[in-house]
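Give the three-dimensional model of this entry:
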Amino acid sequence: MSKKLDFDKLSTVFYSGCKTKDKWRVGTEHEKFGFNNNDLSPISFEDIKEIFDLLSKKYKWEKILENNLVISLKKNGASITLEPGGQLELSGAPFVSLFETCNEVNTHKEELNDVCKSLDINFMGIGVLPKWDREKIKIMPKKRYEIMSKYMPKVGEHGLDMMKRTTTIQANFDFSSTKDMQIKMRVAQSLQPCIIALYANSPFIDGKLTEYQSYRSYIWTKTDKDRTGLLKFIYNKDFCFEDYTNYLLDIPMYFIIRNNEYIDLTGLTFRDYMKDSSGKFEPNMDDWNNHITTVFPEVRLKSYIEVRGADGGPWSRVCALPAFWTGILYDDEMLNRVWDLAKSWKFHEIENFYDQARVNGLDALAPNGESMKVFLKKILNYSYIGLKNRKIVKKGNDESVFLKPLFEILESGQSPAKFWKNQFLNDWSHDVDMLYKTNYF
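Numbering: from 1, shown residues only. A predicted model of the protein is given here:
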């Protein structure tokens, strides 16, 4: 390995995330599809440049450039980024309370709607772009995406679909120790099918119905098996930061950056890169930190934990996702109760839970044999109690108010995808364009 970069130094990235509970924060990220109202076509890079210019001028967002092109904006610890197919992502700042993170989402929605009025552009909250051929969607001009888009077809049939035609909502959480990280990673990965089912919102592609309620989740299974999916090793008794470091070392790289230039290293694992004795490149911590962001498991470890399983959806569900996980992951009693439910599950049962959730949504079965609806009611109630216990109140409401959209989905008995499917087959007469007129972000 490199003389300047050794295994212990790589692991410090994860150890550095250990924080006392008073320093724990909640971060939220969400993506959405922009479209032109006149013909429903996806927004182009030219459209996004106009949006970014208006946000910068009117709302004082700072422009971030790559090769003299604006590729993101930043302000107050948050950023608005350009995703590969022109999706827009708000990467929120870390906050103490869900009221703060939801206020950030609401402000973003208001600003975006304001500047897009004059452009006749709207946004859709859904997990997969419901129409438009993949080949008609251009990759955005970021060197990272150029390298990825060339590599993806070599390792999976749906990698380009993932890049161009999917959106997600994710939430980010802190941990206090190796043991705390262990249980949070295990609970989050084991329970992710509950979120896949509640948030299932992608039954269409190419203007047609699929057999999936979350086709986005299926796309990820056919993207790149080396860097996606479930992590079996996190259930090992002594799972630790070093195990995750070893996992990352054996994942093929995408690139390194030298003098602001991206250098393609696809196919070379980070372990092999560190062993390279040619002297052409000296591995450094920036290389490692970039590499960490190029793996996409259902639950990802950085100096915090990212929970990544939800389909994109409307703004009300953006706030609900961090609420669901905060009530469980940030309350020790609820965390342990949930783990008591899941800790006996075999790995193949968890895999099957994922398979069922992406196809059947709320009609799936949990590994304990219960219906998803019965199991989810217990989990949502645990989250509700955890949020109540935080005793964070604003205008007479505590944070449990943000779970309301999820309880409503559960009480309806059907995922959003099943609702859209029924509309498509009945009221819409198989016209997927109606989705654009009824599913604004």
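
Can you give me the distance of the residue at the greatest distance from the centre of the chain to Y330?
Going by C-alpha atoms, centre = their mean, the residue of the chain most distant from its centre is S278, 37.3 Å out. According to C-beta to C-beta, to the nearest Å, S278 and Y330 sit 47 Å apart. Yep, even glycine has a C-beta here, placed from its N, CA and C like the rest.

repeat for S41
42 Å.

which of these two has more neighbours?
Using other C-beta atoms under 10 Å as the criterion, S41 and Y330 rank with Y330 on top: 20 against 15.

Assess the claim that that one and N389 are in contact.
No - in this structure Y330 lies outside contact range of N389 using C-beta atoms under 8 Å: 9.1 Å.

top strand in the chain by residue count?
Ranked by residue count and defined by DSSP state E, the top strand of the chain is strand 26-36.

okay, that one in PDB with CA atoms only?
Taking C-alpha atoms only, strand 26-36 is exported to PDB below (Å, rounded to 0.1, in the frame of the first residue of the first chain):
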ATOM      1  CA  VAL A  26     -30.600  15.000  10.800                       C
ATOM      2  CA  GLY A  27     -29.900  15.600   7.100                       C
ATOM      3  CA  THR A  28     -32.300  15.200   4.200                       C
ATOM      4  CA  GLU A  29     -31.700  14.900   0.500                       C
ATOM      5  CA  HIS A  30     -34.200  14.700  -2.300                       C
ATOM      6  CA  GLU A  31     -34.300  14.700  -6.100                       C
ATOM      7  CA  LYS A  32     -37.100  15.500  -8.600                       C
ATOM      8  CA  PHE A  33     -37.700  15.600 -12.300                       C
ATOM      9  CA  GLY A  34     -38.200  18.900 -14.000                       C
ATOM     10  CA  PHE A  35     -40.300  19.100 -17.200                       C
ATOM     11  CA  ASN A  36     -41.500  21.700 -19.700                       C
END
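
now that strand: mean pLDDT?
For strand 26-36, the mean per-residue pLDDT is 97.

Count the neighbours of I169 for me.
The number of residues packed near I169 is 29, by other C-beta under 10 Å.

Is it part of a helix or strand, or is it coil?
At I169, secondary structure determined by DSSP: H, G, I helix; E, B strand; the rest coil is strand.

cool, and M163?
helix.

What is the burial count for the nearest residue to it once chain neighbours are set aside?
Distances taken as C-beta to C-beta, 6 or more residues apart in numbering put P84 closest to M163, at 3.8 Å, once the chain neighbours are dropped. Neighbour count of P84, defined by other C-beta under 10 Å: 22.

and if you look at E261?
E261 is flanked by 10 other residues according to other C-beta under 10 Å.

Any idea what it is bridged to?
Assessed by DSSP bridges, E261 has beta-bridge partners R258.

Quick check: it vs L191, distance?
42 Å.

what about the helices in the stretch 51-200 of the chain?
98-117, 143-155, 159-165, 178-199 (DSSP state H, counting those that start in this stretch).

quick one, phi psi at S214?
Reported as degrees, to the nearest 10, the phi and psi values for S214 are phi -120, psi 90.

quick one: it and D355 touch, right?
No - between S214 and D355 there is no contact under C-beta under 8 Å: 10.9 Å.

For the two, indicate the residue with more neighbours.
S214 (32 against 15).

okay, the more buried one: pLDDT?
Confidence for S214, expressed as pLDDT, is 98.

do the same with the one 4 residues further on
Note on Y218: pLDDT of 98.

How about the one 5 residues further on?
The confidence metric pLDDT takes the value 98 at T223.

That one in helix, strand or coil?
coil.

what about it, neighbour count?
For T223, using other C-beta under 10 Å, the count is 22.

how much space is there between it and G92?
Per C-beta to C-beta, T223 is found 25 Å from G92.

and if you look at V374?
Between V374 and G92 the distance is 33 Å, computed by C-beta to C-beta.

between these two, which one's more packed in?
The neighbour count for V374 versus G92, taken as other C-beta under 10 Å, is higher for G92 (25 against 12).

if I read this right, the more buried one contacts K75, doesn't it?
No - counting by C-beta under 8 Å, G92 does not reach K75; the two are 11.2 Å apart.

contacting residues for Y304?
Contacts here follow C-beta atoms under 8 Å, 6 or more residues apart in numbering; on that basis Y304 touches G17, G27, N172, F173, D174, F175.

Show me where the stretch 301-441 of the chain has its strands.
Per DSSP state E, counting those that start in this stretch, the stretch 301-441 of the chain carries strands over the ranges 305-311, 393-394, 397-398.

helices and strands around the first one, which ones?
Put plainly, it is strand 305-311. For strand 305-311, the elements it packs on are strand 168-173, helix 178-199, helix 215-221, strand 299-301, helix 315-329, judged by 3 or more C-beta pairs under 8 Å, 6 or more residues apart in numbering; DSSP states H and E.
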